[in-house]
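J.: got a predicted structure plus its sequence, pasted below:
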Amino acid sequence: MQYFHRQVKLWGEETQANLQTKTIAVIGSGGLGSSLAFALGASGIGTIHMIDFDEVSLHNIHRQVAFKVGDEGKNKAQINADIIMKRCPYTKAIAHECNFEEWSKKNIEVDLIIDATDNLPSRGEINAYAKVANTPWIYGSVEAFHGQVCFIDESSFSDSFKIITKEPDGIAAPIVMHIASLQANLALRYLAGLSVKKDMLYYLFFNEEGELITQKFTLPKQ
């Protein structure tokens with residue numbers, strides 16, 4: 001409890017101990033995924049599954065905070081799992097060097113799925129799996145200076161978004177960490193038993209004057 005002293009002051013020892021019984025899956029271990037690994041890896045969640053088939057490339061490093069020059073060619077999920085366990089001996093981190101479809105066939109039960117992918121078809125696959133498994137998931141996406149996040153429970157991503165293949169525009173590194181932080185906050189509140197606004201899409205962007213705007217949209221229930 002000394003390790004988690006500030007969190008224990010926030011919600012007590014019983015809630016902190018209960019986090020040790022929780023299991024989550026982070027689908028993707030790049031930009032959002034590595035920021036999520038830092039934000040949630042030392043929170044006391046019992047088990048974190050990091051899933052990614054991809055290897056680190058030089059152009060990843062500026063916005064994917066788990067990686068450094070010299071990590072090129074290494075698996076992203078493995079690096080993140082190693083970092084989590086080095087920072088927090090109370091969390092078990094498991095790396096899966098595969099894509100989401102392959103991981104889903106392992107039939108691993110989790111309390112929450114967090115999307116850290118970078119394309120709409122993969123999110124459609126996560127949504128379909130989550131509905132069959134009756135598991136909530138947290139969607140997050142980034143592009144340029146804007147991002148979106150939503151705790152999806154009774155709504156359906158595939159009903160609310162058009163699933164297309166689209167190459168994203170450039171991405172500013174700080175927005176990646178910002179969206180991952182929001183995802184992590186939603187996840188931690190849910191796992192700790194605190195209230196979470198579900199099926200509400202938050203869209204954040206900087207307008208032409210540089211003002212940060214946040215818009216909210218209620219997604220229709222499936």
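T.: Okay, I see it.

J.: and the longest helix belonging to the chain, which residues are buried?
T.: When the chain is parsed with DSSP state H, its longest helix is helix 173-191. Buried residues in helix 173-191, defined by neighbour count with 16 or more other C-beta atoms under 10 Å: 175-188, 190-191. Just so you know, the C-beta spots here come from the backbone N, C-alpha and C atoms, and that holds for glycine as well.

J.: contact partners of whatever helix or strand comes next after it?
T.: Using DSSP states H and E, the next helix or strand after helix 173-191 towards the C-terminus is strand 200-206. By C-beta atoms under 8 Å, 6 or more residues apart in numbering, the residues outside strand 200-206 that reach it are 145-151, 160, 175, 178-179, 182, 212-219.

J.: can you rerun that using 6 Å?
T.: Strand 200-206 is contacted by residues 145-150, 212-219 when judged by C-beta atoms under 6 Å, 6 or more residues apart in numbering.

J.: out of those residues, which end up buried?
T.: 145-150, 219.

J.: can you give the strand pairings for the helix or strand where Ile94 lies, parallel or anti for each?
T.: Secondary structure assignment for Ile94, by DSSP H and E: strand 92-96. Using DSSP bridges, strand 92-96 pairs in its sheet with strand 47-51 (parallel).

J.: helix/strand/coil for Lys216?
T.: strand (DSSP: H, G, I helix; E, B strand; the rest coil).

J.: ok, back up a step: which elements pack onto the longest helix of the chain?
T.: Helix 173-191 is packed against helix 31-41, strand 112-115, strand 137-143, strand 146-152, with contacts defined by 3 or more C-beta pairs under 6 Å, 6 or more residues apart in numbering; DSSP states H and E.

J.: so can I have JSON lines of the contacts of strand 200-206 showing pLDDT and distance to Asn75?
T.: Below are these laid out as JSON lines (pLDDT from 0 to 100; distance: C-beta to C-beta, whole Å):
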{"residue": "Phe145", "pLDDT": "93", "distance to Asn75": "30"}
{"residue": "His146", "pLDDT": "94", "distance to Asn75": "29"}
{"residue": "Gly147", "pLDDT": "96", "distance to Asn75": "25"}
{"residue": "Gln148", "pLDDT": "96", "distance to Asn75": "27"}
{"residue": "Val149", "pLDDT": "98", "distance to Asn75": "26"}
{"residue": "Cys150", "pLDDT": "98", "distance to Asn75": "28"}
{"residue": "Leu212", "pLDDT": "94", "distance to Asn75": "35"}
{"residue": "Ile213", "pLDDT": "96", "distance to Asn75": "37"}
{"residue": "Thr214", "pLDDT": "96", "distance to Asn75": "35"}
{"residue": "Gln215", "pLDDT": "97", "distance to Asn75": "37"}
{"residue": "Lys216", "pLDDT": "97", "distance to Asn75": "37"}
{"residue": "Phe217", "pLDDT": "96", "distance to Asn75": "36"}
{"residue": "Thr218", "pLDDT": "96", "distance to Asn75": "38"}
{"residue": "Leu219", "pLDDT": "95", "distance to Asn75": "34"}
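
J.: near the nearest residue to Gly41 once chain neighbours are set aside, how many other residues are there?
T.: Spatial nearest neighbour of Gly41, excluding adjacent residues (C-beta to C-beta, 6 or more residues apart in numbering): Ile84 at 3.5 Å. Counted by other C-beta atoms under 10 Å, the residues lying close to Ile84 total 24.
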